[in-house]
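Visitor: what follows is a protein structure lacking sequence information:
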């Protein structure tokens, strides 16, 4: 298990869709371990194999005490809409408001090839959708009408000099994003 470099925006490998996984042996297990270790070290809540330069249909998502190893995942049903700030480990320092489905039902395989299904809503549903987009070569910025919609997040700005309630909300969101931005 090792921390690997995460590809950044501009690297063409981020746009290569993941190929289906057909072998569930040591190489896949090592990739899943590296994804989890790299994601946690970043820190983030999700990471897809294409972000490590591996064009495979593999991702991990971990938040709220749940960890999903997603091999050959697909969304089979979704409902509702949610709009919130979203970031990506491949696009550090920026977030944007993105609309995603509120609840998703997913079919996937685990590291041994066993098929399983799950349903998530809210933040975890957002994270799953984000990672599945990576597996298709899609980045969250592809949903924006303009790059002007990106919001710079100053990672070092822990102090807000503005004491207004609005500044407190912004500061809180920045802290949440630092702990939860995935990608």
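Guide: Okay, I see it. Everything quoted here is computed from the prediction, not taken from an experiment. Residues are numbered from 1 along each chain as shown.
Visitor: pLDDT score for the residue nearest to residue 47 when sequence neighbours are not counted?
Guide: Spatial nearest neighbour of residue 47, chain neighbours left out: residue 39 (3.9 Å); criterion: CB to CB, 6 or more residues apart in numbering. Just so you know, the C-beta spots here come from the backbone N, C-alpha and C atoms, and that holds for glycine as well. As predicted, residue 39 sits at a pLDDT of 97.
Visitor: try the one 10 residues further on
Guide: Residue 49 is assigned a pLDDT of 98 by the prediction.
Visitor: now residue 183
Guide: pLDDT, read off for residue 183, is 44.
Visitor: and for residue 101?
Guide: Reported pLDDT for residue 101: 98.
Visitor: this structure: strands as residue ranges?
Guide: 46-48, 58-63, 66-88, 91-109, 115-121, 151-152 (DSSP state E).
Visitor: which one of these has the most crowded surroundings?
Guide: Mean neighbour count (mean count of other CB atoms under 10 Å) peaks for strand 46-48 among the strands of the chain, with a mean of 30.
Visitor: and it, which strands flank it?
Guide: The strands that strand 46-48 pairs with in its sheet are strand 58-63 (antiparallel) (by DSSP bridges).
Visitor: relative to strand 66-88, how tilted is the strand it pairs with?
Guide: Taking axes from the mean of the first three to the mean of the last three CA atoms, to 10 degrees, strand 58-63 and strand 66-88 form an angle of 90 degrees between their directions.
Visitor: how far off centre is strand 58-63?
Guide: Distance of strand 58-63 from the chain centroid (CA atoms, centre = their mean, to the nearest Å) equals 7 Å.
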